[in-house]
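>>> Model the following, please.
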Amino acid sequence: MSITPELVLIAIGAYALLLLGIAWFTGRKADSDGYFVGNRKSLWYLVAFGMLSDSMSGVSFISVPGDVAKQGFGYLQTVMGYVLGYVVIAFVLLPLYYKLNLTSIYTYLGGRFHRSAQKTGSVFFLISRLSGSAARLFATAAVIQLFVFDRWGWPFSATVILIIALILLYTIRGGIKTLVITDALQSLFLLAGLLLSVVAIVKAWPEGKGIWESIRNAGHTRIINSDPYSADFFWKQFISGMFVCIAMTGLDQNMMQKNLSCRSLRDAQKNMLWFSAVLVLVNVLFVSLGALLLEHAKAGNIALPLNDKGLLATDRIFPFMALEQLGLLAGMAFIIGLTAATFSSADSVLTSLTTSCYIDLLELDRRTDISQKARERLRMAIHFGFAILLFGTILLFKAFNDQALIKTVLKLAGYTYGPLLALFVFGRYTRLIPAARWVPLVCLASPLLTWIIDRNSQAWLGGYAFGNEVLLLNASITLLGLWAISRKMSPAGG
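This next block holds a predicted model:
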């Protein structure tokens, strides 16, 4: 028995009702402190487990298994770099954030430099998270569209509206207080979907053919790329993975806001270190799943889906196999994991985007001329506004994306998180203050220069191709620009 569109909708509907129930329970008495930092009473192990679904999301669930077709287990090179990045976050950034008792981490830039730097950092976060979350949500919405709503003539835009509307309903009141619990639940479902998918493939494996021998002989388990000119060269992936992790987690309000809701710095550090260990194991499972899918298709002479250019559509391999080839167990396991990934892709980001806009850009937390009730209405309006922006960005992504989404997300991070990384490094390790009026210009010019170099690197640099290390190039250009417009701090400066 194969999975039907009706079963998909029933599963998604039941899951949404569960989340709405949790949101009602946790958001009944949530105040602003509960919305922004969970009243700083979150349990570290719930935060750690919940971060799994937030960081993995639908992109990992769909793209990482499929990407095995192109680079084997090579994605684990980046994951190794992540581990070192999480150690830096735990022992360098989290102590700073807790010492300053921050709600928005970009408040640090305002205190260290000036409001211009704080607002610039916030704007780059908004762009980074909006684009990254749109890519993640696009990946999962596109699969639901392809295998369910296309069959009923339902437009893609309506599918996205439905998903975002459900997310709005369970996040708009409780914020972080709700998300700590719902994200932990979503991590549980995502992991269950992953493990059940592996079980389903093993059960459906053709008799007489060894599973792991087939995978090993096909070369899928290759991890290390030793070609320095390749975009997937080991040291490029490892070092850039570390800095991508620092930027996309440690300098990202979305990922840090739940960490700042822990009861103490020690709890937040335990959360970060345990999370990094679990993340490695889960990514090993993801690439193993990809190898199993490819070899099962090969053993059964199954033609894998192609894109519009006639090339292997890596992002469609897992959904195609689970929903059309491997039976009911695999199909339901995929839907369980995908549904969890879909909601975790966007729920916390709406809260963190609202927080940064509320505190860093509009400075509503400083306003004493408006009532608490008025501020609450403004916060909800901002939250709703970002849901609309997310919808528009997803439609843009659908129009222009044509490559594996995991690579797209990491590439986008290189352009948008580079200035953020540079601002924090400049503030932490120099005693200079950049001129306020020039900071936004430098941070806008750096990604443009990075893009020009990246586009021409093979011609200019003897065949060298940039991978994820484009983040480091971007940050380096930004650092040079900040240095050029700076003066020394006064002796009394912080």
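>>> other SSEs contacting the helix or strand in which residue 291 is found?
Assigned by DSSP states H and E, residue 291 belongs to helix 265-299. Using 3 or more Cβ pairs under 8 Å, 6 or more residues apart in numbering; DSSP states H and E, the elements in contact with helix 265-299 are helix 44-71, helix 75-88, helix 94-99, helix 176-203, helix 211-217, helix 253-259, helix 314-324. Where C-beta positions appear, they are placed from N, C-alpha and C, glycine not excepted.
>>> chain center to the host helix or strand of residue 330: distance?
Using DSSP H and E, residue 330 sits in helix 327-356. Helix 327-356 has its C-alpha centroid displaced from the chain centroid by 11 Å (Cα atoms, centre = their mean, to the nearest Å).
>>> May I see the buried residues of that helix?
327, 329-356 (16 or more other Cβ atoms under 10 Å).
>>> got the angle for that helix vs helix 314-324?
130 degrees (axes from the mean of the first three to the mean of the last three Cα atoms, to 10 degrees).
>>> helices and strands around helix 327-356, which ones?
So helix 327-356, by 3+ Cβ pairs under 8 Å, 6+ apart, packs with helix 5-27, helix 44-71, helix 115-147, helix 156-171, helix 176-203, helix 253-259, helix 314-324, helix 372-400.
>>> Out of those helices, which is closest to residue 453?
Closest of these to residue 453 is helix 115-147, at 19.2 Å (criterion: Cβ to Cβ).
>>> mean confidence score for that closest one?
Across helix 115-147, the average pLDDT comes to 83.
>>> ok, now stretch 85-101?
For stretch 85-101, the mean confidence score works out to 93.
>>> Check what contacts that stretch and list those residues.
Stretch 85-101 is contacted by residues 105, 107-108, 111, 241-246, 249-251, 256, 259-260, 264-265, 268-269, 272-273, 275-276, 279, 424, 428 when judged by Cβ atoms under 8 Å, 6 or more residues apart in numbering.
>>> low pLDDT regions in the protein?
Scanning the chain for pLDDT under 70 picks out 1-3, 26-41, 54, 56-59, 170-177, 206-210, 342, 344-347, 400-410, 489-494.
>>> let's see 50
403, 492-494 (pLDDT under 50).
>>> so how far is residue 168 from the residue most central in space within it?
The structure's the chain has its C-alpha centroid closest to residue 55; by Cα atoms, centre = their mean the separation is 4.7 Å. Per Cβ to Cβ, to the nearest Å, residue 55 is found 22 Å from residue 168.
>>> for residue 339, same thing?
Taken as Cβ to Cβ, the span from residue 339 to residue 168 is 17 Å.
>>> Same question for residue 375.
Taking Cβ to Cβ, one finds residue 375 at 19 Å from residue 168.
>>> Same check on residue 315?
Taken as Cβ to Cβ, the span from residue 315 to residue 168 is 26 Å.
>>> same deal with residue 358?
16 Å.
>>> Which one's more surrounded, the two?
Neighbours were counted for residue 358 and for residue 168 using other Cβ atoms under 10 Å; residue 358 has more, 22 against 19.
>>> Spatially nearest residue to the more buried one (excluding sequence neighbours)?
Sequence neighbours aside, residue 364 is the residue nearest to residue 358 in space, at 5.1 Å (criterion: Cβ to Cβ, 6 or more residues apart in numbering).
>>> The one you found contacts residue 356, correct?
No - Residue 364 is beyond contact range of residue 356, at 11.6 Å (criterion: Cβ atoms under 8 Å).
>>> Residue 237 belongs to a strand, doesn't it?
No - under the criterion used here (DSSP: H, G, I helix; E, B strand; the rest coil), residue 237 is helix, not part of a strand.
>>> quick one, what contacts the residue nearest to it when sequence neighbours are not counted?
Closest residue to residue 237 apart from its sequence neighbours, by Cβ to Cβ, 6+ apart: residue 77 at 3.7 Å. Neighbour list for residue 77: 223-225, 232, 234, 237-238, 241 [criterion: Cβ under 8 Å, 6+ apart].
>>> so the residue nearest to the centre of the chain makes contact with residue 249?
Yes - in this structure residue 55 lies within contact range of residue 249 using Cβ under 8 Å: 7.1 Å.
>>> anything in contact with each of the two?
residue 255.
>>> Convert the C-alpha atoms of the one helix or strand residue 454 maps to to CSV, please.
Secondary-structure assignment from DSSP H and E places residue 454 in helix 439-460. Only the C-alpha atoms of helix 439-460 are listed here, as CSV (Å, rounded to 0.1, in the frame of the first residue of the first chain):
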residue,chain,number,x,y,z
VAL,A,439,29.5,51.2,8.6
PRO,A,440,26.4,50.3,6.5
LEU,A,441,28.2,51.2,3.2
VAL,A,442,31.2,48.9,4.1
CYS,A,443,28.9,46.1,5.0
LEU,A,444,26.9,46.4,1.8
ALA,A,445,30.0,46.8,-0.5
SER,A,446,31.7,43.7,0.9
PRO,A,447,29.2,41.1,-0.3
LEU,A,448,29.2,42.8,-3.7
LEU,A,449,33.0,42.6,-4.0
THR,A,450,32.9,39.0,-2.7
TRP,A,451,30.4,38.1,-5.4
ILE,A,452,32.6,39.6,-8.1
ILE,A,453,35.7,37.7,-6.9
ASP,A,454,33.6,34.4,-6.5
ARG,A,455,32.2,34.7,-10.1
ASN,A,456,35.7,35.2,-11.6
SER,A,457,37.9,33.1,-9.3
GLN,A,458,38.6,30.3,-11.7
ALA,A,459,39.8,32.8,-14.4
TRP,A,460,41.7,35.0,-11.9
